[in-house]
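J.: the amino acid sequence is not available; the structure is as follows:
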């Protein structure tokens, strides 16, 4: 009913969140399939599809199954049990204290914010882990290969200036390793 929607908007206004109105279960489902929601408030008694049927349909879709639902009702019968059985996260009877409903909605908004932050952090962590598994690309390994080649060349020169039979053999082996490193540089940059 229009007066219920206006009252809910007044109660939830201080939370400074976008509120999407739906005057039937069908409208609510259409809205939920078009955009993401942090929490849904459903009146048990709605025209057409009632709140229980709407909640059950919300829980059926992958896109909406994890959205918490708060069911609202004017009666205090076994509706709570039925609501929890279909997956509602919370239940409030009318008339409800505005601060209680605002607090309940606020908790679900905070959970949604934290879940979104965790999702972003998980993606960042996946990217970091994936980059650690890949061979290092770009200028950094190329520069490192150049440094290694230069160090080997300096060692080779020192060995060639040294007397003794072992010095010449070590210089030859160093030259061979330097050529291999230079070959890696060429293959890496190609």
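T.: Structure's in. What do you need? If you're wondering where the values come from, they're calculated on a predicted model, not measured in any experiment.
J.: for residue 66, give me the pLDDT.
T.: What the model reports as pLDDT for residue 66 is 93.
J.: can you give me the neighbour number for it?
T.: Summarising burial for residue 66: neighbours were counted as other CB atoms under 10 Å, giving 11. Placement of C-beta: from N, CA and C, glycine included.
J.: what does residue 24 give?
T.: Around residue 24 sit 14 other residues, with neighbours defined as other CB under 10 Å.
J.: who does the helix or strand where residue 41 lies touch, helix- and strand-wise?
T.: Under the criterion DSSP states H and E, the helix or strand holding residue 41 is strand 40-43. In this structure, strand 40-43 packs against helix 25-34, helix 51-60, strand 69-73, with contacts taken as 3 or more CB pairs under 8 Å, 6 or more residues apart in numbering; DSSP states H and E.
J.: could you list the buried residues of the first one?
T.: This points to helix 25-34. Burial within helix 25-34, assessed by neighbour count using 16 or more other CB atoms under 10 Å, is assigned to 25, 27-29, 32.
J.: low pLDDT regions in this structure?
T.: Judged by pLDDT under 70, the chain has its weakly predicted residues at 76-77, 125, 128-141, 159-167, 169, 185-190.
J.: tell me where the longest helix sits in it.
T.: The single longest helix within the chain, with elements called by DSSP state H, is helix 98-133.
J.: and the residue nearest the centre of the protein?
T.: For the chain, the residue lying nearest the average C-alpha position, counting by CA atoms, centre = their mean, turns out to be residue 119 (1.6 Å).
J.: contacts only, for it.
T.: Residues in contact with residue 119, defined by CB atoms under 8 Å, 6 or more residues apart in numbering, are absent; none qualify.
J.: quick one: it from residue 176, how far?
T.: Residue 119 sits 52 Å away from residue 176, taking CB to CB, to the nearest Å as the criterion.
J.: quick revisit: so the longest helix of the chain versus strand 69-73, what angle?
T.: Compare the direction of helix 98-133 with that of strand 69-73 by axes from the mean of the first three to the mean of the last three CA atoms, to 10 degrees and you get 170 degrees.
J.: show the subsequent helix or strand relative to helix 98-133.
T.: With elements assigned by DSSP H and E, the helix or strand that comes after helix 98-133 is helix 139-160.
J.: and that following helix, which residues are buried?
T.: Applying a neighbour-count criterion of 16+ other CB under 10 Å, the buried positions in helix 139-160 are 145, 148-149, 152, 155-156, 159.
J.: for that helix, name the packing helices and strands.
T.: Using 3+ CB pairs under 8 Å, 6+ apart as the test, helix 139-160 ends up in contact with helix 165-189.
J.: I'd say residue 93 and residue 83 touch.
T.: No. Under the criterion of CB atoms under 8 Å, residue 93 is not in contact with residue 83, lying 11.0 Å apart.
J.: among the two, which residue is more densely surrounded?
T.: Under the criterion of other CB under 10 Å, the comparison of residue 93 against residue 83 puts residue 83 first, with 23 against 15.
J.: which residue packs closest to that one, ignoring adjacent ones?
T.: With CB to CB, 6 or more residues apart in numbering as the criterion, residue 83 has its nearest non-adjacent residue at 4.3 Å, and that residue is residue 71.
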